[in-house]
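**Q** Just to be clear, the model below is a prediction. Sequence and coordinates:
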Amino acid sequence: MSLCYCIPWCTFLNDQEQKYLKSPVGRSVKNGPGCFCIGPCNEGETREGITVREDQYVKIKDNLSGRVRVQDGPAFFFQGAFDDNPNVKSCYALDRTQYLIVRNSNSGERWMMKGPQRWIPGPYDIVEREDAALTLTINDYVKIRDTETGVIRVERGESMVFIGAYEEIIFPINRPHKNGIVEAINVDEHTSVLVRDISTAELFLVTKEQLFVPNPYQEIEGIQKKIVLEAHETMIIRDKDGKYHFMSGAGNTKPSKELLKRKGYGKDSDFIKTLYKEGGKSFFVPPYCEILKLVWTTQGFGNSKEKVTRIDSRPHFMEYTFVCRTSDNVELIIDVTFFWQILNVQDMIKMTDDAPGDICAHARSIVIQAVSKLPMEEFMSDFNQILAHALLEQEDPFYEERGVVIHTVEVKSFHCKDDGTENVLQEIIKERTDRLNRLQKQESDNEVKIYKMKGDIEEEKLNGELLKIRHSHHRTEAAMEGEAEADQISMFMNGIPENVDEETKFSFWGTLRKIDAIRSIGNSGSHLYYTPNDVELSIGTFETPWNQKKPKKRAAKKYDYNKFTNDT
C-alpha cells in the first residue's frame, strides 16, 4: 500500500519491517524497529525483511550501481533503496556422484564443481548443467572428447566418470548404448570384431580372445559370428581384388599357389590365417571381403527368386511347370519334378549364378521338342519314359559344363490348357483308371480263389494223413484186444482139468460168454424178446376132472445158447 502526504507524517515499524520511500527527488528506506517522521511529498511502502536459512542464498542486484552481491544464510536483512526484489534459492547440495558445470558470466570461464559439498554460486556464476557421474561396470566403456583440443579418451570400468566443463560424450552410431555407455565385446572362438582405425583408415579383424574395448581412435564396424559349414555345404568368398575363394565344409580347402604368390596374401598373412585356418570348414570373413550371394530361380520358370549363400551339394528336388503342344495340336501344361545335384561348384560359378534357372530353361526346350513330335495318345501312354529318354539318355554336355547332374525326372501331373479338351482328357483318364481298377479287382479275386484252392488242397492232404493215423491206431487197438482175448482163452483152457476134452472146454467158454452178454443186456436197461422158434409156447384152455390125475410136467427144453447168441 502506498501513501503520499503533502504534510509531514509519522510511521511505526517493528524489527522485521522497513519503509520504502519514494519522493520526487529520490528513493530511501527506513528500517525498523522505530518511529519515523516522514517529510512531505513522500510516497511510502511497508516491506518485510528477508530471512535466509542456512541452506539458502539470495542474489541481490543494486540497480543504481549495477553491482551484484550474494547473501548466504543463515541471515536476516533489509533490501536497499535500489535493490531488485530478491529471489531466495536453495543451495546446491551435491553428493559424491553429482557435479555441476559452472560458467562465470563476467569472465566467461567454465569449471566443474564435484560433490560431496554444499555450494553457493558467486554473484556472476551461472550453473549450465547439473548432472550425475557415469558409473561403469567391468565390461563398460565410454568415449569422451575434449572440445577445446579435440583429444579423445576412453574410460572403462570399473570406475565413476565425471564429464568435464570442456568435454562431451561421443555417442556410437552403430552400437547400442545407454547415455553413451557401451558394453565391451566378448571376443571368443566364435565371435570377432571388425574395427576401423580412423587415424589411418585401416580395417582389421580382431579374433584374439579378450574383452575388447576400442582405443580412442578405433571404431567398431561390426561384430562377426564364425561361419561353420556342414560337410555338404560350400560358400564363396569374394576378396577385394574380385577373386573367388571356395570354402568347403569337408575341411579340405587350401590356398592355391597362385594366391600365396599375390602381394599381401602370403602364407603368414592375416587373410590366409583367418580364411584357411581350419581348411575352410569354419572361418571369419576377412576385411574387404564379402560372401557371394547367388540368385536362384525357384518354384517354376521365373516365378520367384531366392538368395543363396550356402550352396548345398546334396541331391534335392525341384518342380517346374512347362507349356507344350503335341503333334495333333493339343496344348498341355506339364508339372515336372527334377531330382538333381551340384557336383562341382567351381564349374557351376564359371558358367552361371542361377543353376536351377539354367536347368529349367534347358529342360523346357528339350521337353517342348520331345512332346511336339508325339500325338496326344502316344504321349499319354508313356509320358514318364518319353521325358526321361529326352532329358537323361541323350548325350548333352550342358549339365556337365555347369557341374550339375540330373538323376531322375518325373511328370508330376499334366492337363490340357483348353477346358473342352481337358474334359475329354479327364474322361479318357477316368475310363483307363476304371479299367485298371477292374483288372486289379479281378486279379485280387483270382488271388483269393487261388489261395482258397491251396487251402482246400492242404486241408485234404491233412485229412488223408489223419485217416492214415486213425487207421493205424484202430489196427493197433484191434491187435491189442485180440491178444488180450487170446491170452484170456488160453488161461481159461489151461485152468480146466486135462481129463475134459477140447470140445467140452469150448462149450464151457461159449456158455460163459453168452451169460456175460445176457448180463450186459440186462444191466443196460434193454428189452429182450424171444421168437416162437426160440421157445415152445402153446396158448389154450385145459380142463381136467377132479378125479383125474394132473398131467406130468414136461421136461424143460434144453435152450440152445449158440442159437441165442447168433440171434442176438
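**A** Here it is on my side, so go on.

**Q** Check whether Ile237 really touches Lys243, as I assumed.
**A** No: using C-beta atoms under 8 Å, Ile237 makes no contact with Lys243, being 9.1 Å away. Just so you know, the C-beta spots here come from the backbone N, C-alpha and C atoms, and that holds for glycine as well.

**Q** Looking at the two, which one has more neighbours?
**A** Neighbours were counted for Ile237 and for Lys243 using other C-beta atoms under 10 Å; Ile237 has more, 19 against 14.

**Q** so which helix or strand takes in that one?
**A** Under the criterion of DSSP states H and E, Ile237 resides in strand 233-238.

**Q** Paired strands for the next helix-or-strand element following that strand, with orientation please.
**A** Downstream of strand 233-238, the next assigned helix or strand under DSSP H and E is strand 244-248. Paired neighbours of strand 244-248 in the sheet (DSSP bridges): strand 233-238 (antiparallel).

**Q** what about the partner strand, distance to the chain center?
**A** Per C-alpha atoms, centre = their mean, to the nearest Å, the displacement of strand 233-238 from the mean C-alpha position of its chain is 25 Å.

**Q** Can you point out the buried residues in that strand?
**A** Buried positions in strand 233-238, judged by neighbour count with 16 or more other C-beta atoms under 10 Å: Glu233, Thr234, Met235, Ile236, Ile237.

**Q** what's the closest of those residues to Glu465?
**A** Of all these, Glu233 has the smallest distance to Glu465: 67.5 Å, by C-beta to C-beta.

**Q** Tell me who's in contact with that closest one.
**A** Neighbouring residues of Glu233 by C-beta atoms under 8 Å, 6 or more residues apart in numbering: Ser248, Gly249, Arg310, Ile311, Asp312, Ser313.

**Q** can we see that at 7 Å?
**A** With contacts defined as C-beta atoms under 7 Å, 6 or more residues apart in numbering, Glu233 is in contact with Gly249, Arg310, Ile311, Asp312.

**Q** Val142 too?
**A** Contacts of Val142 were listed using C-beta under 7 Å, 6+ apart, and they are Leu134, Leu136, Glu155, Val161, Ile169, Gly180, Ile181, Val182.

**Q** Show me the contacts of Glu233 that map onto strands.
**A** Those of those mapping onto strands are Ile311, Asp312, per DSSP state E.

**Q** Buried members of the contacts of Glu233 into ChimeraX, please.
**A** For the buried members of the contacts of Glu233, the matching ChimeraX selection, counting by 16+ other C-beta under 10 Å, is:
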select :249,311
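
**Q** could the contacts of Glu233 go into JSON lines alongside pLDDT and distance to Ala388?
**A** Formatted as JSON lines, the contacts of Glu233 follow (pLDDT from 0 to 100; distance: C-beta to C-beta, whole Å):
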{"residue": "Gly249", "pLDDT": "86", "distance to Ala388": "32"}
{"residue": "Arg310", "pLDDT": "92", "distance to Ala388": "30"}
{"residue": "Ile311", "pLDDT": "91", "distance to Ala388": "27"}
{"residue": "Asp312", "pLDDT": "90", "distance to Ala388": "24"}
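
**Q** out of the contacts of Glu233, who's nearest Leu392?
**A** Proximity of the contacts of Glu233 to Leu392 (C-beta to C-beta) peaks at Asp312, which lies at 21.8 Å.
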